[in-house]
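Visitor: Got a predicted structure here, sequence first:
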Amino acid sequence: MVIVKYLPALLLIITFISPIIYGLIAYNWDLQEFTSFVYNPPKVTFNIKVIKCLFFKDHLIIKVNVSNNGDLNITFISLNASVYNINNRHLSKASLLATIKVKSGETRELDIIIPVTEKVRREIIMCYLQMKPLRFKIIGTIIAKVYLSKIEAPINIKIKVPYEALIP
């Protein structure tokens, strides 16, 4: 009769203490590790790979694949970059043609537009006359939005336009 009287209290104590004992066993009885909070922030990573280059009117359009390898969706808003030849001489500015949203684990096509300035024309003509591919790089920052936060990521894209593509 006495056991029946104390059984509900004993079950309540066991129900309360058993998860704590289980947790301490899982952490090798390390009380500090058991009680400390561990937060792993989500990854925000992406890769850019050049697909092809197109000439359209007075612009050079660079088509790239953007792969979102992170845990969150990324919206690419703008590009603040400059175009340089292989000798690090400034040729032009680069910008995005449109804003795109890339979901986590997805790959989307992004267009980078470069106005063909006089310096770019000279570089194209020089490569054409030497029968060499046009090589240049885009260096700057890409601005993206992740949830409500704007982030800036450095970019350094090396591009090679084959000689055959330079022929009008």
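Guide: Ah, there it is. Since the model is a prediction, treat every value here as computed from it, not as a measurement.
Visitor: ok, which stretches of the protein are strands?
Guide: For the chain, the strands defined by DSSP state E occupy 46-56, 59-68, 74-85, 90-96, 100-102, 107-115, 134-146, 149-161.
Visitor: Give me the helices and strands touching the third one, please.
Guide: Looking back up the chat, that one is strand 74-85. Other helices and strands packing on strand 74-85, by 3 or more CB pairs under 8 Å, 6 or more residues apart in numbering; DSSP states H and E, are strand 90-96, strand 100-102, strand 107-115, strand 134-146, strand 149-161. For every residue, glycine as well, the C-beta is placed using N, CA and C.
Visitor: Buried residues, it. List them.
Guide: Residues of strand 74-85 classed as buried under the neighbour-count rule (16 or more other CB atoms under 10 Å) are 74, 76, 79, 81, 83, 85.
Visitor: So what's the predicted local confidence for the fourth one?
Guide: Pointing back at residue 81 there. Looking at residue 81, its pLDDT stands at 95.
Visitor: which non-adjacent residue is nearest the spatially most central residue of the chain?
Guide: Computing the C-alpha centroid of the chain and ranking residues by CA atoms, centre = their mean puts residue 46 first, at 2.4 Å. Closest residue to residue 46 in three dimensions, ignoring its sequence neighbours and counting by CB to CB, 6 or more residues apart in numbering: residue 68, at 5.2 Å.
Visitor: Spit out the contact partners of that neighbour.
Guide: With contacts taken as CB atoms under 8 Å, 6 or more residues apart in numbering, residue 68 has the following neighbours: 45, 46, 74, 102, 103, 104, 105, 106, 107.
Visitor: now, among the residues you listed, which is nearest to residue 5?
Guide: When the contacts of residue 68 are compared for distance to residue 5, the smallest value, 56.8 Å, is given by residue 104; criterion: CB to CB.
Visitor: Could you check how far that closest one is from residue 45?
Guide: When distance is defined by CB to CB, to the nearest Å, residue 104 is 10 Å away from residue 45.
Visitor: Much appreciated, bye for now.
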